[in-house]
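*Asks:* one predicted model, sequence on top.
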Amino acid sequence: MTYFIDRRPNAKHKSAVNRQRFLERYRKHIKRSVEEAVNRRSITDMERGEKISIPTKDISEPVFQHGPGGARNIVSPGNKEFLQGDRIRRPSGQGGGGGAGEGGASNQGEGNDEFAFTLTREEFLEFVFDGLELPHLQHKPLKSIEEIKMVRAGLSRDGVPARISITRSMREAYARRIAMRAPIKRALQAAHQALEEEERKDPVLRNPTRIVELKAEIERLEKRIEAVPFIDTYDLRYHQLSAQPQPSSQAVMFCVMDVSGSMTQNHKDIAKRFFLLLYMFLEKHYEKVELVFVRHHTAAREVSEEEFFYSRETGGTIVSSALKLVNSIIQARYPPEKWNLYVAQASDGDNWDDDSNTCRDLLVKQLMPQLQYYAYVEITPHNHQSLWHEYESVAGQFPERFAMRQIVEASEIYAVFRELFKRRLSQAN
Amino acid sequence: MNASQKPLATGSDWNFSVLERFNDRLAALADEYRLDTYPNQIEVITTEQMMDAYASVGMPVGYHHWSFGKQFLAVEQAYKRGQMGLAYELVINSNPCIAYLMEENTLMMQVLVMAHACYGHNSFFKGNYLFRTWTDAESIVDYLVFARQYIAQCEERHGVHAVEQLLDACHALQNYGVDRYKRPSPISAEEEAKRQDEREAYLQTQVNMLWRTIPEPPPDASPLPGSLSSDEDPLGLHVGGVYPPEPQENLLYFIEKNAPLLAPWQREIVRIVRKLAQYFYPQRQTQVMNEGWACFWHYTLMNRLYDEGDVDEGLMLEFLQSHAAVINQPDFDSPYYNGINPYALGFAIFRDIQRICEEPTEEDRQWFPDIAGTPWRTTLEFAMRNFKDESFIQQFLSPKVMRDLKLFLIVDDDQSETLEVAAIHDEQGYRRVRDALSTQYALSVKEPNVQVVEAAIRGDRSLTLHHVQDSRRPLGRSVYPVIRHLHELWGFPVRLVSMDEGRVTHRYHWPVEEEPKEKK
């Protein structure tokens, strides 16, 4: 007796719980790998999983086993030249370890030094943000610039030759030809028939005038069929475009960071995660997100991502230099009517005292009117300095679009991020 | 090939009605060969589901544990990299016998799997004495469901972490959770659940009796009073002598019944792991036979299908290729060599038994006087029913198979400079090679022999185990993690003494004691 059961519709991920248990248990190992990956990868390259390796000895499930040593008998297949009593030198490199009799050694694909597996993207991100659950970033319309975009809107009978739709035109022509020829063809057939009938009659009974008439009729009809044009202006169809206002699908994100001597690598790693989150957030909303890295100490410079995070500088800090540079980059390359502009700034709060005023003025007068959003994080456990206070006044003027927070540890980033964007999300509803 | 008959189906596509038709044919042929099987439950599943099934060691429902997750990740990784094809079959020893077919298999594969699993393995599960004695095909699925629910409940009540630690410890000892010499009492989910409370209470009284004077840890108590009246000690446990009176090989059983500090739910979990180990115990001892038997039957049945015109040449060629890959045995010096392939060895022996029955040579008559020339089907059935790998090889490995596989025996003795080729596939060597191969499959040799010899119920409550070495082979490095787990279960110091012919060679302690500092 046999039953067939189709289990395919059943749930797939029966092992999901066990998988989570495993990841939880080896959280420390995995976190280390993930951290390395974050530091190695570019910000734009976070949206994929990661291969993780854990030393096999750390995850082995111990059972009593025979160790090396003693005497053992091993039966193997495929003897070629051995005879009874032959003596063979011991193969070097501990070859006997997994000998044929040792069932336990090989049955779990162990024996490699590393246990390797792949984290999914979600799992990877979860580890990146230290177990804080990533929100399902929703496709909510951020307030954005409208841009006119021409979209296809069906076909029309008139248009410019460049937009002619050949297939549709030919199809129309074909239909028209069939329609126009059909009645003529019918008449022609009738004429032919009549002629044939007439000619089949007895020569005495034939009516010669009728025959001439019919022949003329046939000729006339054939000419008419030929005269049906292959293609007519009436057949032509054109792709039509209509103008639609569209939210701009491109955004540019300026990452601004203080790289003066007071910023340690740890600060930068925290900042990297902050930039990363913002980038991922923007990526959900815009088709195209460009990154511009601006770093500054006393002078600002636009640099590559690599240089941005990993080269060291020393010296004082003049924040306004960076803001000026951002402004001039916007003028030169990213006209605000075409781009959604975002600025994320990370700093330890140090600034040359007199400069903070300048920063505020720059922001209020020049930058803020153009920007979608400005997010500032201060990575410091210490008290705020003048820059923070000046920024507070900016935030007061642009409560919707200017956000600032203080971070001490990497694990706070997500909370801060949520705080930064909470208001905007609810407002966008 | 019977040309008048059209094949049941051609090409590689399949659907349920085609599968049913093939199954009917296979069932009829199996009947003809008098294969006695459980009813079949054939489940069609996807690749992911197959990986899931794999990860839970083939249990249709399993409790949750990280080690299954690890298994899953390993399978998934290997599969994605293309290092391994998923085994195209998985079959569960239950009644009805559950077999999985993967949806992306070709028609040939599906038929092959049905022949292999639903008639080969299935009849082995039903017929072999080990399975008949040690497992309960009837109730295993129910029991697994019970185990999963119970463990989930424990996780809710006592925390995932506590349960996980306990399971880790039990898993480390699960190979020592088996009664080797007596039939275990049958398992039944319903009764387990019903009697559970009763048993919890009862077990606890038993343990209380044994340890009645023991305070909670830290165990820093004075020795027990010299004597107790017989009223208070009806079992006479405290009278004298060693407890347990006989060495105990079933470590998990001993723990379940005697560990002083385990809570009732913990004992229950120990019991669950033990019962499952018991269930898998016959499979570990009959790998060669079981696979050999299944291969023999898929080979025989597929050939019959072809002879009767139910399948065409195309399908048959595809089958032969796949069959050849399954029973391929690389030589010991091949880069693909990974020990003796149980499929190859088992298939070769069963086919050879058939040959000996049907066309015995002079040599066969000498070696196998009682089976040469007998009806092959009866002899084969006898071989399948009454042996395990160890005795099966001892009994039926013929000189011809040894010659075909070119088996030879190497003795690797750490006291000698070189390896010795002790015997090869020739007249002088047959018996020695066969003995050695048979021993190689004996669990008692594969796994170190460790037994409980004393629980110091009147002393420091320590547990003493003896390891009896086989051919001077010491314990591997994993011994410390294992006795650490044992210590977690027992709650008091654990000592393991490794002995070679009565002479102590190593002592392992957990927690590590001050005296011998040489290891660690």
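*Replies:* Sure, I can see it.

*Asks:* what are the boundaries of the strands in the stretch 351-500 of chain B?
*Replies:* Using DSSP state E, counting those that start in this stretch, the strands of the stretch 351-500 of chain B run over B:408-413, B:418-423, B:449-455, B:463-468, B:494-500.

*Asks:* out of those, nearest to A:His382?
*Replies:* strand B:494-500 (52.9 Å; C-beta to C-beta). Using the backbone N, CA and C atoms, a C-beta is placed for each residue, glycine as well.

*Asks:* quick one: contacts of the closest one?
*Replies:* Contacts to strand B:494-500, defined as C-beta atoms under 8 Å, 6 or more residues apart in numbering or on different chains, come from residues B:450, B:462-469, B:472, B:474-475, B:479, B:483, B:486-487, B:504-510.

*Asks:* quick revisit: can you lay out the strands of the stretch 351-500 of chain B as a markdown table showing mean pLDDT and mean neighbour count?
*Replies:* As requested, these are exported to a markdown table (pLDDT from 0 to 100; neighbours: other C-beta atoms under 10 Å in any protein chain shown):
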| stretch | mean pLDDT | mean neighbour count |
| --- | --- | --- |
| strand B:408-413 | 91 | 22 |
| strand B:418-423 | 90 | 19 |
| strand B:449-455 | 90 | 19 |
| strand B:463-468 | 92 | 20 |
| strand B:494-500 | 91 | 19 |
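
*Asks:* wait, what's in contact with the residue of the stretch 101-250 of chain B found nearest chain A?
*Replies:* Relative to chain A, the nearest point of the stretch 101-250 of chain B is B:Ala172 (5.4 Å; C-beta to the nearest C-beta). For B:Ala172, the contact set (C-beta under 8 Å, 6+ apart) comprises A:Glu61, A:Pro62, A:Val63, B:Pro481, B:Val482, B:His485, B:Leu486.

*Asks:* mind redoing it with 10 Å?
*Replies:* Taking C-beta atoms under 10 Å, 6 or more residues apart in numbering or on different chains, we find B:Ala172 in contact with A:61-64, B:251, B:478, B:481-486, B:488-489.

*Asks:* need the residues of the stretch 151-300 of chain B near chain A, please.
*Replies:* Within the stretch 151-300 of chain B, the positions lying close to chain A (C-beta under 10 Å from any C-beta of the partner chain) are B:152, B:160-161, B:164, B:168, B:171-176, B:251, B:284, B:287.

*Asks:* A:Ala375 and A:Met404 touch, don't they?
*Replies:* Yes. Judged on C-beta atoms under 10 Å, A:Ala375 makes contact with A:Met404 at a distance of 7.5 Å.

*Asks:* ok, these two, which is more surrounded?
*Replies:* A:Ala375 (23 against 19; other C-beta atoms under 10 Å in any protein chain shown).

*Asks:* bridging residues for that one?
*Replies:* Beta bridges link A:Ala375 to A:Ala344, A:Ala403, judged by DSSP bridges.

*Asks:* for it, give me its contacts.
*Replies:* Listed by C-beta under 10 Å, 6+ apart, the contact partners of A:Ala375 are A:253, A:274-275, A:277-278, A:342-346, A:401-405, A:416-417, A:420-421.

*Asks:* cool, A:Val326 as well?
*Replies:* A:254, A:256, A:292, A:294, A:296, A:300, A:302, A:334, A:341, A:343, A:345, A:362, A:366-367, A:370-371.

*Asks:* wait, which of those is closest to B:Leu407?
*Replies:* A:Val292 (70.9 Å).

*Asks:* SS state for that closest one?
*Replies:* strand (DSSP: H, G, I helix; E, B strand; the rest coil).

*Asks:* how near is the residue in chain B that chain A sits nearest to to B:Val44?
*Replies:* Closest approach between chain B and chain A, counting by C-beta to the nearest C-beta: B:Asp331, at 2.5 Å. Plainly put, B:Asp331 is 38 Å away from B:Val44 if you go by C-beta to C-beta, to the nearest Å.

*Asks:* what's the answer for B:Ile410, then?
*Replies:* From B:Ile410 to B:Val44 the distance is 46 Å (C-beta to C-beta).

*Asks:* please apply the same query to B:Ser139.
*Replies:* In terms of C-beta to C-beta, B:Ser139 sits 25 Å off from B:Val44.

*Asks:* neighbours of the residue in the stretch 301-429 of chain A that chain B sits nearest to, how many?
*Replies:* Residue of the stretch 301-429 of chain A nearest chain B, by C-beta to the nearest C-beta: A:Ser411 (21.6 Å). Using other C-beta under 10 Å, A:Ser411 is surrounded by 14 other residues.

*Asks:* help me confirm that it is found in a helix?
*Replies:* Yes. With three-state DSSP as the criterion, A:Ser411 is assigned to a helix.

*Asks:* B:Asn93: what's it in contact with?
*Replies:* B:Asn93 sits in contact with B:38, B:58, B:121-122, B:124-126, B:128, B:131, B:135-137, B:140, B:279-280, B:282-283, B:290, where contact means C-beta under 10 Å, 6+ apart.

*Asks:* what do you get for B:Ala162?
*Replies:* Contacts of B:Ala162 by C-beta under 10 Å, 6+ apart are B:Cys154, B:Glu155, B:Ala263, B:Trp265, B:Gln266.
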